[in-house]
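Trainee: quick one: sequence and predicted model below, then my questions.
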Amino acid sequence: MRIQQLTWMAMLIAIAVIGSLFISIPTGVARAYPIQHMVNVIAAVTVGPIGAVLVAFVTGLVRVMTGTGSLLAFPGGMIGALLAGLFFMKTNRVMFAAFGEVIGTGLIASLIAVPYAKVLMGSEFGALFFFPAFLASSVTGAVLGWIVLTRVKQLRPLTVKR
């Protein structure tokens, strides 16, 4: 990885961790963090799918270690980041990166969270328990990420190369 990519990744991790301190939505057993999903979309566009997954993983790790996040940060962030990156890589359109984030987190990760939460967290929730929170958080964050990237692109094209 190049220094420029690592710098972008570190900056995005910092934004996601600090943003989670100020903006969260209580949803029962978990909290929704739309800033994480915004960062996933931005990371998918600027550092690609692998970089976006690394950003989501390190963000989740820092949040769990500091007590500001739960273990649900891992599937919720990483799956959405991967699909956002892959969708952007295939289409080169920010709108599809945002759509990939919603599909990855709002749909797929919410279903994966059920057995994950049962095994690692000891919770006994049904398949649709996580769906509303994950979907609301990912849609909000994906829209924010799309808006930010659209505005930045109008100012100056992104220069990070994958």
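Mentor: Cool, the structure landed. Remember, predicted model here, so these are calculated numbers, not experimental data.
Trainee: hey, which helix is longest across the chain?
Mentor: Ranked by residue count under DSSP state H, the longest helix found in the chain is helix 34-65.
Trainee: off-centre distance for that one?
Mentor: 5 Å (CA atoms, centre = their mean, to the nearest Å).
Trainee: check stretch 87-102 too.
Mentor: Put simply, stretch 87-102 sits 13 Å off its chain's centre (CA atoms, centre = their mean).
Trainee: check which residues of it are buried.
Mentor: Neighbour counts over stretch 87-102 (16 or more other CB atoms under 10 Å) mark Phe87, Phe88, Met89, Val94, Phe96, Ala97, Ala98, Phe99, Gly100, Glu101, Val102 as buried. Yep, even glycine has a C-beta here, placed from its N, CA and C like the rest.
Trainee: those residues: which two are farthest apart?
Mentor: Checked with CB to CB, the buried residues of stretch 87-102 reach their widest spread between Met89 and Val102, with 16.9 Å between them.
Trainee: thinking again about what came up before, and the longest helix of the chain, what other elements does it pack with?
Mentor: When contacts are defined as 3 or more CB pairs under 8 Å, 6 or more residues apart in numbering; DSSP states H and E, helix 34-65 sits against helix 3-22, helix 73-91, helix 94-101, helix 131-155.
Trainee: returning to what we had before: can you redo the buried residues of stretch 87-102 as CSV with pLDDT and distance to Ala44?
Mentor: As requested, the buried residues of stretch 87-102 are exported to CSV (pLDDT from 0 to 100; distance: CB to CB, whole Å):
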residue, pLDDT, distance to Ala44
Phe87, 96, 8
Phe88, 95, 5
Met89, 94, 8
Val94, 93, 9
Phe96, 95, 10
Ala97, 95, 5
Ala98, 95, 9
Phe99, 94, 11
Gly100, 94, 7
Glu101, 92, 7
Val102, 92, 12
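Trainee: for those, which one is nearest Gln36?
Mentor: Proximity to Gln36 was ranked across the buried residues of stretch 87-102 by CB to CB; first place goes to Glu101, at 9.8 Å.
Trainee: got the contact list for the closest one?
Mentor: Glu101 makes contact with His37, Asn40, Val41, Ala44, Gly80, Ala81, Leu83, Ala84, Ser138, Gly141, Ala142, Gly145, according to CB atoms under 8 Å, 6 or more residues apart in numbering.
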